[in-house]
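# What would the 3D arrangement of this be:
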Amino acid sequence: MRLARVLKHAFIPEWIARRAVPARSLRRIEEAIKAATRDGAAELHFVVEAGLPLHILFRSRSSRRRAEDLFSQLRVWDTEHNNGVLIYVQLVSRHIDIVADRGVARKVEQAEWNAVCREMEQAFRRGAFEEGALAAIGRISALLATHYPKEQPHAL
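You can find the predicted model right below:
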């Protein structure tokens, strides 16, 4: 465990870390996710944490491992086609991760997820949190739609 990492997460107040993400932006992100998953073909979650909880830091867990833990806790994997996706943003560490369920992981290469993360990071560095998040949601939505097209209504 690195002491500097623990101190950074323990002593940066959440309100400072969350300044980059105003409530208005979170509402727009939530609306974009609802629109992207309206057909029920896939499940997309977006989690923003200011600092890592101390119990995670003391166990020397990475931000990636935290994303995987949240993927499990939020039951993102619990979809019929194993096509849930979690976007995890850790503000203090400035780390972004995408965790995809096994169904999606078989169809979308890790390099594609990494590219989405890097684009988000670039937008965030410019101070364009909302823009970067919405672009990532749009790109992920397009990827999911390619592999999991909308279900057609059943004729009676």
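# can you pull the contacts of the residue nearest to the spatial centre of the chain?
The centre of the chain sits closest to I87, judged by CA atoms, centre = their mean, with a distance of 1.0 Å. Going by CB atoms under 8 Å, 6 or more residues apart in numbering, I87 touches 44-47, 96-98, 120, 133, 136-137, 140. Quick note: C-beta positions are derived from backbone N, CA and C, even for glycine.
# Any figure for the gap between I56 and D97?
Distance, I56 to D97, by CB to CB, to the nearest Å: 14 Å.
# gap between the residue nearest to the centre of the chain and L54?
Distance, I87 to L54, by CB to CB: 24 Å.
# follow-up on the earlier one: now do the same for the residue nearest to the centre of the chain: helix, strand or coil?
Put simply, I87 is strand when judged by DSSP: H, G, I helix; E, B strand; the rest coil.
# what about I56 and D97, which has more around it?
D97 (22 against 17; other CB atoms under 10 Å).
# neighbours around R24, how many?
Other residues close to R24 by other CB under 10 Å number 9.
# The top helix by length along the chain packs against which elements?
The helix spanning the most residues in the chain, taking DSSP state H as the definition, is helix 129-147. When contacts are defined as 3 or more CB pairs under 8 Å, 6 or more residues apart in numbering; DSSP states H and E, helix 129-147 packs onto helix 23-36, strand 43-49, strand 84-90, helix 110-125.
# and if we set it to 10 Å?
Using 3 or more CB pairs under 10 Å, 6 or more residues apart in numbering; DSSP states H and E as the contact criterion, the elements in contact with helix 129-147 are helix 23-36, strand 43-49, strand 84-90, strand 95-100, helix 102-105, helix 110-125.
# The last one packs against which elements?
Applying 3+ CB pairs under 10 Å, 6+ apart, one finds that helix 110-125 makes contact with strand 84-90, strand 95-100, helix 129-147.
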